[in-house]
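[1] Sharing a model that was predicted from the sequence below.
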Amino acid sequence: MSLFLEMRRRHVFRAAVAYTVVWWLLVQVAGLLLDAFEAPPWIFQGLILLLAAGFPVAMVLAWFFELTPSGLVRSDGEDEDDLSAATIRGYLNPIVIGMLSAAVILFALDKFVWTDDPLIEAPMADSVSVRTSSLAVLPFSNRSSVAEDAYFVDGIHDDILTLLAKIESFKVVSRTSVMRFRDFTKSVPEIGRELNVRYILEGGVQRAGKQVRINAQLIDARSDEHLWAETFDRELSTENLFAIQSEIARAIAAALDAELSPADEQQLDSVPTESLDAYDAYLLGRQSLLETGMEALEQAVAHFEQAVAIDGQFAGAFAGICEAHLSLYTKTGDTEYFDRAEAACNRALAIDGNLVEVHSALGRLFRHHGEYGRAETEQRKALATRPQNIEALIELGFTLSLQGRIREAEAVLIEAESLQPDHWPVHDALFTFYRNYDDSQDRFDRAVQHAMRVVELLPDSASAWNNLGTAYYSLQQYDAAKSAWDRALELEPTRTAFTNRGLQYYYEGRYADSAEMQSKAIELAPNDHRAWGRLAESYRLMGGNEAESRAAYATAIRLAEAMLEINEQDWKTSGLLATYYAQSDRPEDARLEIESALEISGRDPEALLYAALVANERGDVDFALQALEEMVEANEAFRLYIVDDPDLKSLQGNARFDRLTDPGAAGR
């Protein structure tokens, strides 16, 4: 018998077909799965080599073994009877046909369904594919001979990034995430993988006299292929600058086959100011606004005011004034800052009611004013125009928190984090949310995680270290809190840093040291009722400083009442004011104020703590214990505050109080 006939009789050809089909199927499926998990190329290459090496082995096995109704047996080389052959074909034919059918289906899916669409991204970090072009705009290089032009270059970069972020088809990485690549030495594919983006835009700006040159190039981060590049040489004017930015955005949209909506076109055609000097001052203001210190915020106000002095119709600059004054208000508690912010916001709204920055600023203003419905409306207007506006998402998260919609708020803030995982304001917002609003048992642990992330992103920020210390303190990790607060004071002697150090001394019983720290805080923020209230507490417990304590309480009351005139929904200020009243022989005012705080907050654990302090001072021990029990039942983490507060030590020896300070006694 010839070799060909013998191979046919032993079903070697049929085994070869089956092995080839299985080989092809495995390669296709492995290619999809390994690409999805971003496996190194050697795994795929090794699989192909393994399958190739297995082919001759499979053919040898097919020669010596055959599939029978009894299973796989060694071939004896004799002719099989017709019944056995038919039975074997009955087993093998469906298997081969099935594998061929699977191969055809997979080929059709790969050819006609799983097409290579540039707008379909590879799986993101959260394993959800998005139909947007993920894009990172790297910091532009300053190619001018003047180093001071860096702010101008950063402003152009920020404008282009913001303009691209307004286009619905793009998912643009935040400025915070890309700034660490300012002086990058990594390759574009490496940066693309770190930022989890498909495309990279890089460029440079050169300003010389009355001329400006801007060059930009778009690169596919996966292949390192240049998709588009252009150099723009123009006379330096705002009209030309905004025209260049629009041309870059349109060129990128064309390169990525992204359609621009009418709203996108309107954004690209807008010219916020026709004055180059006003625009220059505005860029300086925005640069200062990116920092967190008092001096930087005051500089931002000065630059923005210079811009509007030149161009009284510059809505973006008025929105900047509003943002800067609101930040100063939150840092100092000085209501004059709030009044100035409100005036600037209203002016911006009158000039351009469609500007996203105006809606964002108004949303923040209304939130601080306690008008949460109006705040939410403005924030959603900003998001309707720019769905990926991180600042608007953060503000919406805070507004929902203040309305008691905790899980909605958490979802919004987590969405912001998923869009910009390396954007420090997102983690700062999540720290604030878990520290001040969340009702979960592990809220303080989560607050620490996000505070640590802000420190990683802003290692030289005193505010970041202050928050980390506060988060540690909430977990009674006092040594870690002290280290963080020490670092904050080294970086910048802020009101918050001195206040936190004063609180540490207060709970340690070092009341004179606490008073010294609060006095330093007041020097920096004389209109902050919290520092005055804590100074009053320290004087009261020192002994021999009753007059100073009464005077400090009186100032704290006046300042807290002024804040409540701005936002009567601010239950935290109401709760603290109630404690000031209680220590100032105004028991009825204290009762009314704490009832308001409990009602507005929905009996939040922190409000219950203030209620216990007020009741204990008024001599209502039963109500104080009831409030503390309700507080701990609502959130176990608040048990820590019972142990530390010196004003509750008078309850020691009471069985109910002792059970609260000893978690193990609760079940006995």
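    Nice, thanks for sending it over. Numbers count the residues shown, from 1 in each chain.

[2] Residues touching the helix or strand encompassing Val614, excluding its own?
    For Val614, the host element (DSSP states H and E) is helix 605-617. The contact list for helix 605-617 (Cβ atoms under 8 Å, 6 or more residues apart in numbering) reads 436, 439, 571-572, 575-576, 578-579, 581-583, 590-591, 594, 597-598, 601, 621, 623-625, 627-628, 630-631, 634-635, 638, 641, 645, 647-648, 650-651. C-beta: built from backbone N, CA, C; applies to glycine.

[3] List only those of the residues you listed flagged as buried.
    Buried members of the contacts of helix 605-617, scored by 16 or more other Cβ atoms under 10 Å, are 571-572, 575-576, 578-579, 581-583, 590-591, 594, 597-598, 601, 621, 624-625, 627-628, 631, 635, 638, 641, 645, 647-648, 651.

[4] any chance you could map the strands in the stretch 401-550 of the chain?
    Read by DSSP state E, counting those that start in this stretch, the stretch 401-550 of the chain holds no strands at all.

[5] related to what we said a few turns ago, just the contacts of helix 605-617: which are in strands?
    Using DSSP state E to define strands, no part of those is located there.

[6] Helices - which of the residues you listed land there?
    436, 571-572, 575-576, 578-579, 581-583, 590-591, 594, 597-598, 601, 621, 623-625, 627-628, 630-631, 634, 641 (DSSP state H).

[7] gap between the residue nearest in space to the middle of the chain and Ser177?
    The residue lying closest to the centre of the chain (Cα atoms, centre = their mean) is Val426, at 2.6 Å. The gap separating Val426 from Ser177 is 10 Å, by Cβ to Cβ, to the nearest Å.

[8] between these two, what contacts are shared?
    In contact with both Val426 and Ser177: Gln420, using Cβ under 8 Å, 6+ apart.

[9] Isn't Ala16 up against Met59?
    Yes. Taking contacts as Cβ atoms under 8 Å, Ala16 lies within contact range of Met59: 6.4 Å.

[10] Low-confidence ranges, the stretch 101-250 of the chain, go.
    101-132, 145, 147, 184 (pLDDT under 70).

[11] Please enumerate the strands of it.
    133-137, 141-142, 170-172, 199-208, 211-220, 225-235.

[12] Strand partners (parallel or antiparallel) of the third one?
    Right, strand 170-172. strand 133-137 (parallel) (DSSP bridges).

[13] residues in contact with the partner strand?
    Applying Cβ under 8 Å, 6+ apart, the set of residues contacting strand 133-137 is 118-119, 121, 124, 157, 160-161, 164, 169-173, 177-178, 191-192, 195-202, 221, 252, 256, 258.

[14] rerun that using 6 Å as the cut-off
    By Cβ atoms under 6 Å, 6 or more residues apart in numbering, the residues outside strand 133-137 that reach it are 119, 121, 161, 170-173, 178, 195, 197-201, 256.

[15] what distance separates that strand from the centre of its chain?
    Centroid displacement of strand 133-137 relative to its chain, using Cα atoms, centre = their mean, to the nearest Å, is 17 Å.

[16] Format the CA atom coordinates belonging to it as CSV.
    Coordinates of the C-alpha atoms in strand 133-137 are reproduced here as CSV (Å, rounded to 0.1, in the frame of the first residue of the first chain):
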residue,chain,number,x,y,z
SER,A,133,-10.5,59.6,21.5
SER,A,134,-8.4,59.6,24.7
LEU,A,135,-5.9,62.4,24.4
ALA,A,136,-3.1,63.9,26.5
VAL,A,137,-1.9,67.4,25.8
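
[17] got the buried residues for it?
    Neighbour counts over strand 133-137 (16+ other Cβ under 10 Å) mark 133-137 as buried.

[18] Got phi/psi on His369?
    phi -90, psi -10 (degrees, to the nearest 10).

[19] any idea how far it lies from Tyr329?
    Noted for His369: a distance of 11 Å to Tyr329, by Cβ to Cβ.

[20] ok, the two, which is more surrounded?
    Neighbours per residue, other Cβ atoms under 10 Å: of His369 and Tyr329, the larger number sits with Tyr329, 23 against 18.

[21] List of residues touching stretch 298-306?
    If you take Cβ under 6 Å, 6+ apart as the criterion, stretch 298-306 is touched by 281, 284-285, 288-289, 317, 320-321, 324.

[22] switch the cut-off to 7 Å
    281-282, 284-285, 288-289, 317, 320-321, 324-325 (Cβ atoms under 7 Å, 6 or more residues apart in numbering).

[23] Equivalent analysis for stretch 320-327, please.
    With Cβ under 7 Å, 6+ apart, stretch 320-327 has contacts from 282, 285-286, 289, 297, 300-301, 304-305, 337, 340-341, 344-345, 348, 361, 364-365, 368.

[24] My read is that Leu651 contacts Phe657, right?
    Yes. Between Leu651 and Phe657 a contact is recorded at 4.1 Å, counting by Cβ atoms under 7 Å.

[25] Could you pull up the mean pLDDT of stretch 529-549?
    For stretch 529-549, mean pLDDT rounds to 94.

[26] list the buried ones in it?
    For stretch 529-549, a neighbour-count test (16+ other Cβ under 10 Å) marks 529-542, 545, 548-549 as buried.

[27] how far away is Tyr279 from Val308?
    According to Cβ to Cβ, Tyr279 and Val308 sit 12 Å apart.

[28] How about Gly363?
    For Gly363 relative to Val308 (Cβ to Cβ), the value is 21 Å.

[29] what sits against Pro139?
    Residues in contact with Pro139 (Cβ under 7 Å, 6+ apart) are 157, 178-179, 181-182.

[30] which among these end up buried?
    Buried, going by 16+ other Cβ under 10 Å: 157, 178, 181, out of the contacts of Pro139.

[31] Return the subset of the residues you listed lying in helices.
    Among those, the members that lie in helices (by DSSP H) are 157, 178.

[32] Adding distance to Ala392, write the buried ones among the contacts of Pro139 out as a markdown table.
    Output for the buried ones among the contacts of Pro139, formatted as a markdown table (distance: Cβ to Cβ, whole Å):
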| residue | distance to Ala392 |
| --- | --- |
| His157 | 21 |
| Val178 | 20 |
| Phe181 | 26 |
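
[33] Return the member of the buried ones among the contacts of Pro139 nearest to Thr499.
    Proximity of the buried ones among the contacts of Pro139 to Thr499, judged by Cβ to Cβ, is greatest for Val178, which lies at 34.2 Å.

[34] Can you spell out which residues form a bridge with the nearest residue to Val173 once chain neighbours are set aside?
    In space, and not counting its chain neighbours, Val173 is closest to Ala136: 4.3 Å by Cβ to Cβ, 6 or more residues apart in numbering. Beta bridges link Ala136 to Ile200 when assigned by DSSP bridges.

[35] No more questions from me, cheers.
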